[in-house]
Each structure stands twice: as structure tokens, then as C-alpha cells.
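**Student:** give me coordinates for this.
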Amino acid sequence: MSYKEQREKAIIEYLREHKEATVGELCRMLYVSEPTMRRDLAALGLSGRIIRTHGGAVYRSELGENLPFSYREREHSDEKAAIAKKCLSLVKDGDVIMVDGSSSAIALLRLIDVKKSIVVVTNSAKAALVLAETNIKTFVTGGELSADTYAYVGSHAEEFVKDFNADLCFFSVRRLTADGRLTDNALGENRVRRAMLSVSEKSVLLLDSQKLGEPCLNTLCHIKDVDFVVSEGNLAEKFPEYSDKFM
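**Tutor:** Numbers count the residues shown, from 1 in each chain. Presented below is the predicted three-dimensional model:
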């Protein structure tokens, strides 16, 4: 095994354990220069073994594990902010809203305190922290906490959600396929989303345009079952039969 192959193996093992790393971290671990490390990461990214980021890399699991929340929150952050602003027009004062553990939904919650007398029900520990800085009445499901996504999952979370009647459910998924399936790698989170959707009057999918692609591990539902799709790009032209759903 060449020295380059040894480095690549060490990089993948480090990312498997830590989920993500900066170029600097990897340089210090392997005692190599930044240009060398950037070349190694570029090669691993092209081979599909890791996900290359602006300042480092994220582990790509062959089993379809969910990406770390810290990475997903930074990923396409401008697009998520634009989506969040559009969503505000759907929320009325006094609404009860369901919010999943997606980074797109967290972006909405950072703006939602302009609305009066709303109630938020969520399975996201991150959402609870964001809302704790506001006067918004918040209910958090509890349950088993996912270390990758900071979302509560399991039967307790699913049953908790069903105690409420909501006006809107804001949620996101990892991929929207060409045939209209909404898919994600996190089975437990999809189960909680199904519970949220079942008790909500209207459903709102938050989807940046980079999420079109091949299906993930589990299908949540079909785009035909969603009331609104909010995106920063013009996705309606890709789904002309459902164009009236897009904002």
C-alpha cells in the first residue's frame, strides 16, 4: 500500500468516527501540508467515498446514514434563509405549527417570532433551543435523541405529536426524486414526520433545489400528498402536474 493510499485510509477512518473534519485537523493528524491534504480530499470526493466541503470533508456512509446536523445547517444556508422568508407568508397569528428536526425548519424558526400567539410542536432539541430565546409557546416531544440530527424519535415522540391538532406542518427531506417521492435516510424521523402530517391541516415541504436526485433509504410520501412546496429555485417546471403547489 502506497503512502497516499495509507493517508486516504486514515482520512476515511477518522471521518467515520468523527463524521466531519476540517483540513487543518486532518493535516495535524497526518503531518502533511494543506495542499497535499486538499488534493487527497479532492480525490476522495471524486471517488464518492467522502463529501467534500468548503473547509474540509464529511463522511459518506455506504449504508445511507444521515449527515451530521452541523454540516446540514451550513449546507446551502443562503437557500434555506430564502425558503424561510417565503414560509412566513403561510403562518397566521394564532396558528399551531408542527416543525420537524430538519435544518431548513430551524431556519424558519429563527424568523417566526414576528408572528403573534403561535404554538410550536417539535421533535427537535435544536428547535427547542432556538425557540427558548423567544416568547413562543413550545412543546417538545422527548423520546430517543438522535446524535446526528438532534431530533427525538421513537414511539414516545410519535404518540406525543398525535395529542395535538395543527394548522401547518413544516418539514423537509433529504431527496425529492424525479417521480415525486420524498425520501430520507432517517427512518425514525420519517415516522415522526408521518405522525405530524396526520394531525396537520396543511403540509409544507421546505426544499432547496439541490435536493433533487436519487432516492434515499426510506420514502415518506409523494409530492401529490403535500399542500405546499417552498423552494428558493424554480422547481415547478420539473413537476408541471403539481406546479400549483410550488411557491
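**Student:** ends of stretch 102-120, how far apart?
**Tutor:** For stretch 102-120, the first-to-last residue distance is 14 Å (C-alpha to C-alpha, to the nearest Å).
**Student:** list the buried residues of it.
**Tutor:** Across stretch 102-120, burial judged by 16 or more other C-beta atoms under 10 Å covers 102-109, 112, 118-120. Every C-beta, even on glycine, is put in place using the N, C-alpha and C of the backbone.
**Student:** same thing with stretch 205-213?
**Tutor:** 205-208, 211-212.
**Student:** ok, now stretch 150-164?
**Tutor:** 150-154, 157-158, 160-161, 164.
**Student:** make JSON lines from those and add secondary structure and pLDDT to it.
**Tutor:** Putting these into JSON lines (DSSP: H, G, I helix; E, B strand; the rest coil; pLDDT from 0 to 100) gives the following:
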{"residue": "Tyr150", "secondary structure": "coil", "pLDDT": "86"}
{"residue": "Ala151", "secondary structure": "strand", "pLDDT": "93"}
{"residue": "Tyr152", "secondary structure": "strand", "pLDDT": "96"}
{"residue": "Val153", "secondary structure": "strand", "pLDDT": "95"}
{"residue": "Gly154", "secondary structure": "coil", "pLDDT": "95"}
{"residue": "Ala157", "secondary structure": "helix", "pLDDT": "97"}
{"residue": "Glu158", "secondary structure": "helix", "pLDDT": "97"}
{"residue": "Phe160", "secondary structure": "helix", "pLDDT": "98"}
{"residue": "Val161", "secondary structure": "helix", "pLDDT": "97"}
{"residue": "Phe164", "secondary structure": "coil", "pLDDT": "98"}
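**Student:** tabulate those residues in a markdown table, adding columns for distance to His18.
**Tutor:** Listed next are the buried residues of stretch 150-164 as a markdown table, based on distance: C-beta to C-beta, whole Å:
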| residue | distance to His18 |
| --- | --- |
| Tyr150 | 17 |
| Ala151 | 20 |
| Tyr152 | 23 |
| Val153 | 22 |
| Gly154 | 25 |
| Ala157 | 27 |
| Glu158 | 31 |
| Phe160 | 32 |
| Val161 | 32 |
| Phe164 | 37 |
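**Student:** wait, which of those is closest to Arg16?
**Tutor:** Tyr150 (20.2 Å; C-beta to C-beta).
**Student:** any figure for the gap between the closest one and Asn190?
**Tutor:** If you measure Tyr150 against Asn190 using C-beta to C-beta, to the nearest Å, the figure is 16 Å.
**Student:** ok, now Ala57?
**Tutor:** Using C-beta to C-beta, Ala57 is found at 27 Å from Asn190.
**Student:** show me which of the two is the more surrounded one.
**Tutor:** For Ala57 versus Asn190, neighbours defined as other C-beta atoms under 10 Å are more numerous around Ala57 (27 against 24).
**Student:** partners of the closest residue to Glu189 other than its chain neighbours in the sheet?
**Tutor:** Residue nearest to Glu189 in three dimensions, not counting chain neighbours: Ala151, with 5.4 Å by C-beta to C-beta, 6 or more residues apart in numbering. Counting by DSSP bridges, Ala151 is bridged to Ser124.
**Student:** who are the neighbours in contact with Ala151?
**Tutor:** 100-101, 123-126, 145, 186, 188-189, 192 (C-beta atoms under 8 Å, 6 or more residues apart in numbering).
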